[in-house]
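Visitor: the amino acid sequence is not available; the structure is as follows:
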């Protein structure tokens, strides 16, 4: 993890950790790293944002920084993160910025950067940007006159993205009655148009952002309201996105949660049956449920485990020629269609699959059995986060838990790449046992690092 960039961009409390001054400098440095040096051509940079209050402020700061070093800026407005990844290629831009803190509370914000290829920046490029911003290894250019950048607005950005996603679906959603939870985030400007165009009857939830209500008791991190609504309204299913709509989770007609592992299992088997799954392999992460790895083995599919974070799933896919992967959290990457996780594209393909089969989602989801899993998030100090790996008492506890679980379960303790958290995850067939062991481990970590 870098000094500015975590697993999903630069992130922090807006105007405290992620300041206007820092955003200006990130814009300047990124333009230097991502574009040709010595060229008289003005590089073209896209900027998209989510709906949180601070996004306007940071958009202005990034725009100022980019224009001050001679880059032209194309403002997309409030859009999902995958919109930036798609349009940076369609508009033949040099790079794209997305201002979002994804699933985090509204006071946080972040800056994700996409290269001209539509992929998130590799670690080496992020480190180069960090060196310019933090270590001042190169001076910022200071053009004057016609050397300054200009700003234009992409009025068709939302329509271009919706049309593309709709075009990837071969089977329409006619006759389906669905609920859509937009998390009061970016999908509020796209989801109803997209899924109505595909033929679904859409019941919209949390689609009225006010700058403060993003992710507030709604969306893919708070599924309870969607689960209840689907049952009460007798709908076919529901889908929920996070703040920037790169994640998707679903609920079946009974209100049961269908998480990222289930979505991947359903879509992977369908792709394999139609010879659309490269190397008959699925890339997951070390956090993928043991039930998912068993599903892959039982169905003749290769399971490949990457580090946690959709960027690492994508790196594994590109390195070895796989075309499908994702995370339990709902980041799912259909590499044939997108260069990053795309919640609405995932939902469109899942819904299309269900409608094509004329089956209930609850019946389709029986193809995988989920192992009981407990996840405890432990809030720690920044200093404690740095000390975690070297703490012998914590490491001894983890080894003790591993011995207790044996082959019937596992423990995974990892640092969050985006928040001041240590995540303690246990799986096993004895739910009471793993719950007790998870809490014991979390309490120890809190006492030593909190």
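Guide: Received, thanks. This is a predicted model, so every value here is computed, not measured. Numbers count the residues shown, from 1 in each chain.
Visitor: buried stuff in stretch 392-405?
Guide: Neighbour counts using 16 or more other Cβ atoms under 10 Å place 394, 397, 398, 401, 405 of stretch 392-405 among the buried residues. For glycine as for every other residue, the C-beta is placed from the backbone atoms N, C-alpha and C.
Visitor: would you agree the first one falls within a strand?
Guide: No: Residue 394 sits outside any strand when classified using DSSP: H, G, I helix; E, B strand; the rest coil, being helix.
Visitor: OK, contacts around it?
Guide: Residue 394 is in contact with 388, 413, 441, 444, 445, 448, 449, counting by Cβ atoms under 8 Å, 6 or more residues apart in numbering.
Visitor: do the third one as well
Guide: When the contact criterion is Cβ under 8 Å, 6+ apart, the partners of residue 398 are 411, 413, 441.
Visitor: what about the last one, which helix or strand?
Guide: Meaning residue 441. When secondary structure is defined by DSSP states H and E, residue 441 falls within helix 431-449.
Visitor: which residues sit against that helix?
Guide: 372-376, 378-381, 384-385, 387-388, 391, 393-394, 397-398, 401, 404-405, 409, 411, 413, 422, 424-428.
Visitor: quick one: which of the buried residues of stretch 392-405 sit in helices?
Guide: Secondary structure assignment (DSSP state H) places 394, 397, 398, 401, 405 from those within helices.
Visitor: and residue 297, what element?
Guide: Using DSSP H and E, residue 297 sits within helix 290-298.
Visitor: pairing partners for the next helix or strand after that helix, with directions?
Guide: Using DSSP H and E, the helix or strand that follows helix 290-298 towards the C-terminus is strand 302-306. Taking DSSP bridges as the criterion, strand 302-306 sits next to strand 281-285 (parallel) in its sheet.
Visitor: run the angle between the strand it pairs with and helix 290-298 for me.
Guide: Direction vectors for strand 281-285 and helix 290-298, defined by axes from the mean of the first three to the mean of the last three Cα atoms, to 10 degrees, enclose an angle of 160 degrees.
Visitor: wouldn't residue 294 be in contact with residue 370 here?
Guide: No: using Cβ atoms under 8 Å, residue 294 is not in contact with residue 370; the gap is 10.0 Å.
Visitor: who has more neighbours, these two?
Guide: Counted by other Cβ atoms under 10 Å, residue 294 and residue 370 do not tie: residue 370 has more neighbours, with 18 against 14.
Visitor: what residue, apart from its backbone neighbours, is nearest the more buried one spatially?
Guide: Excluding the flanking residues, the one nearest residue 370 by Cβ to Cβ, 6 or more residues apart in numbering is residue 291, at 4.5 Å.
Visitor: any residues touching the helix holding residue 297, and which ones?
Guide: Helix 290-298 is contacted by residues 261, 264-265, 268, 282, 284, 301-303, 328, 367-371, 409-410, 427 when judged by Cβ under 8 Å, 6+ apart.
Visitor: let's have the contacts of residue 398 in JSON lines, adding neighbour count, distance to residue 138 and pLDDT.
Guide: As requested, the contacts of residue 398 are arranged in JSON lines below (neighbours: other Cβ atoms under 10 Å; distance: Cβ to Cβ, whole Å; pLDDT from 0 to 100):
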{"residue": "411", "neighbour count": "22", "distance to residue 138": "44", "pLDDT": "94"}
{"residue": "413", "neighbour count": "21", "distance to residue 138": "39", "pLDDT": "93"}
{"residue": "441", "neighbour count": "23", "distance to residue 138": "45", "pLDDT": "96"}
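Visitor: so which of the ones in helices among the buried residues of stretch 392-405 comes closest to residue 348?
Guide: Distance to residue 348, by Cβ to Cβ, is smallest for residue 405 among those, at 38.8 Å.
Visitor: my read is that the closest one contacts residue 429, right?
Guide: No: using Cβ under 8 Å, residue 405 is not in contact with residue 429, being 9.8 Å away.
Visitor: circling back: now the buried residues of stretch 392-405 as JSON lines including distance to residue 233?
Guide: Rendered in JSON lines, the data for those read as follows (distance: Cβ to Cβ, whole Å):
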{"residue": "394", "distance to residue 233": "47"}
{"residue": "397", "distance to residue 233": "46"}
{"residue": "398", "distance to residue 233": "45"}
{"residue": "401", "distance to residue 233": "43"}
{"residue": "405", "distance to residue 233": "41"}
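Visitor: which one of the contacts of residue 398 sits closest to residue 131?
Guide: Distances from residue 131 to the contacts of residue 398, taken as Cβ to Cβ, are shortest for residue 413 (30.9 Å).
Visitor: who are the contact partners of the closest one?
Guide: If you count contacts by Cβ under 8 Å, 6+ apart, then residue 413 has 394, 398, 422, 423, 424, 425, 441, 445 around it.
Visitor: still on that earlier bit, buried only: go through the contacts of helix 431-449 for me.
Guide: For those, burial is judged from neighbour counts taken by 16+ other Cβ under 10 Å, and it is met by 372-374, 376, 378, 380, 384-385, 388, 394, 397-398, 401, 405, 409, 411, 413, 422, 424-428.
Visitor: next step: the residues you listed restricted to helices.
Guide: Taking DSSP H as the definition of helices, the buried ones among the contacts of helix 431-449 contribute 384, 385, 394, 397, 398, 401, 405.
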